[in-house]
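Engineer: need a structure here:
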Amino acid sequence: METLTLHPKETDAGKRVDAWLAGQIEGLTRSAVQRLLEEDRVLREGKPLAKNGRLTGAETLTVSLPDPEPIDAQPQNIPLDVVFEDADVIVVNKPKGLVVHPAPGHPDGTLVNALLYHCGGSLSGIGGALRPGIVHRIDRDTSGLVIAAKNDFAHQALAAQLQDHSLSRTYQCVAVGSFRADSGTVDAPIGRHPVERKRMAVVPNGRPAVTHWEVLERFPGFTHLRCRLETGRTHQIRVHLAHLGHPILGDTVYGAKKPVPGLQGQCLHAVGLRFLHPRTGELVELSCPLPEAFQLQLDKLSRRSGVF
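Structural biologist: Numbering: from 1, shown residues only. Now for the predicted structure:
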C-alpha cells in the first residue's frame, strides 16, 4: 500500500476534496477518489474526510492508495525494434497502437509482455507486477523511444534522472496552425479535466508541467515542431499544444474529432532520448527515425506548399 502526503494551498480553500485530489494524483479518477473517501483512506490531520468534504487550504491530507489488482503479465513473442540494450537497460522504438503495460481492457499484448519474452524475466521489479522494468510511458497511439530497466539498481538511477530532468526526452509532432515565434515554453499545470474525466487539461490545481518547443518547418496551416519534456505528465505535449490553440494533427481527443486519413491517432513521435548510463555514468544519446505515416504527412504538406 502506498501512502501520499499532500498539502493544499490557501487558494484551494473551499474546493471539493474529491475534485482536488483527482487533479493531484495522476491516473486517479474522481470516482476512484470517492471510493477512497468511502473507505476512509483519505485523512485530514489523522481524521477521515467525508465524500463531500471541502478543503480549508491549511491542512495536511494523507491518502492511502490500495495495491493494484494483480495482473499476471505473461511473456509474449511480440516483435521489438530494439535501439539499445545491455545488461542494465533496454530502449525500444515502440510502434503506434502498442499499449505500454497491462491494464483493465488491455490484459496482454503490451510492451511489457514483449519485454518479458525478450529479456527472459530480467526486468526490474520496482514497477510492480503491472509494469516490470518500465521507467516512463508513452501513449498507445504515440510512437517512439521507451526505456526500461533490467534490474532495480538501473531503475532507481533512471527514475532519479527523470526527477532531476537529466533524462531528456525529445519528440517531434505536426501541430495545427501557425506559430508566430520560432520557439517557446509552456509552463502550465496539468490535471484531470473538470468535466470530461478521461481527458487531461490545464487546470489551476494540476501538477506542474513544462514543455519546451521549437519550430522545425512551417507549412500553410500546420507546423512541424520539436518538443522537449521537462516533466512527464499524462498527455503532456498533447494538452499543452491544445492549450496554445495548436492541437496535434490527428489527435481526436484534444483536437478535431475527425480522424486524418492514413494516420492512426496523433502525429507525435518520441524521437530522442539522452541519459547517463546507470552503471557507467557515461552519456547515452539515442534517436530513431520518423515512422512512415508521420513522414508521409510531412511529404503531403510539402507538396501542398510547394516545398521540396
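Engineer: Buried residues in stretch 101-120, which are they?
Structural biologist: Burial within stretch 101-120, assessed by neighbour count using 16 or more other Cβ atoms under 10 Å, is assigned to His101, Pro102, Thr110, Leu111, Val112, Asn113, Ala114, Leu115, Leu116, His118, Cys119. Glycine gets a C-beta too; all of them are placed from N, C-alpha and C.
Engineer: Just the ones of those residues in helices?
Structural biologist: Mapping these onto helices (DSSP state H) picks out Leu111, Val112, Asn113, Ala114, Leu115, Leu116, His118, Cys119.
Engineer: what sits against the fourth one?
Structural biologist: When contacts are counted by Cβ atoms under 8 Å, 6 or more residues apart in numbering, Ala114 touches Gln76, Asn77, Ile78, Pro79, Leu80, Leu98.
Engineer: any idea which of those residues is closest to Leu6?
Structural biologist: Closest approach to Leu6 among the contacts of Ala114 (Cβ to Cβ): Leu98, at 33.5 Å.
Engineer: Can you check the pLDDT for that closest one?
Structural biologist: With respect to pLDDT, Leu98 has a value of 94.
Engineer: hang on, the earlier thing: give me the lowest-pLDDT entry from the buried residues of stretch 101-120.
Structural biologist: Among the buried residues of stretch 101-120, Pro102 has the lowest pLDDT, at 82.
Engineer: Give me the distance from stretch 291-308 to the chain's centre.
Structural biologist: Distance of stretch 291-308 from its chain centroid, counting by Cα atoms, centre = their mean, to the nearest Å, is 27 Å.
Engineer: Check which residues of stretch 13-28 are buried.
Structural biologist: Lys15, Val17, Asp18, Ala19, Trp20, Leu21, Ala22, Gly23, Gln24, Ile25, Leu28.
Engineer: Give me the subset of the residues you listed lying in helices.
Structural biologist: Val17, Asp18, Ala19, Trp20, Leu21, Ala22, Gly23, Gln24.
Engineer: of all those, which comes closest to Leu283?
Structural biologist: Closest approach between these and Leu283, by Cβ to Cβ: Gln24, at 34.1 Å.
Engineer: for the record, mean pLDDT for the host helix or strand of Arg218?
Structural biologist: Per DSSP states H and E, Arg218 falls inside strand 210-219. Averaging pLDDT along strand 210-219 gives 98.
Engineer: Flag every buried residue along that strand.
Structural biologist: Going by neighbour count (16+ other Cβ under 10 Å), the buried part of strand 210-219 is Val210, Thr211, Trp213, Val215, Phe219.
Engineer: Next one: the first one relative to Ile147, how far apart?
Structural biologist: Val210 sits 20 Å away from Ile147 when distances are taken as Cβ to Cβ, to the nearest Å.
Engineer: Let me see the residues that make contact with stretch 198-209.
Structural biologist: 11-12, 15, 20, 23-24, 26, 186-194, 231, 233-236, 239-240, 243, 253-254.
Engineer: Can you give me the first-to-last residue distance of that stretch?
Structural biologist: 18 Å (Cα to Cα, to the nearest Å).
Engineer: List the buried residues for that stretch?
Structural biologist: Arg199, Met200, Ala201, Val202, Val203, Asn205, Gly206, Arg207, Ala209.
Engineer: three-state assignment of the third one?
Structural biologist: Under the three-state scheme (DSSP: H, G, I helix; E, B strand; the rest coil), Ala201 adopts strand.
Engineer: Just want to check the distance between it and Asp108.
Structural biologist: 31 Å.
Engineer: Also Lys96?
Structural biologist: Distance of Lys96 to Asp108, computed by Cβ to Cβ: 18 Å.
Engineer: now swap in Gln156 and tell me
Structural biologist: Per Cβ to Cβ, Gln156 is found 28 Å from Asp108.
Engineer: rewinding a little: can you tell me which of the buried residues of stretch 198-209 lies closest to Lys47?
Structural biologist: When these are compared against Lys47 (criterion: Cβ to Cβ), the nearest one is Asn205, at 22.3 Å.
Engineer: In terms of helices and strands, where is the closest one?
Structural biologist: Residue-wise, Asn205 maps onto no helix or strand under DSSP H and E.
Engineer: if I look at it, how far off is Gly232?
Structural biologist: In terms of Cβ to Cβ, Asn205 sits 19 Å off from Gly232.
Engineer: circling back: of the buried residues of strand 210-219, which pair is most distant in space?
Structural biologist: For those, the maximum inter-member distance is 26.5 Å, found between Val210 and Phe219 (Cβ to Cβ).
Engineer: residue ranges with poor pLDDT in the chain?
Structural biologist: Where the chain drops to pLDDT under 70, the residues are 1, 26-28, 67-72, 126-131, 307-308.
Engineer: was I right about Pro8 contacting Leu49?
Structural biologist: No: Pro8 is not in contact with Leu49 according to Cβ atoms under 8 Å; the separation is 11.7 Å.
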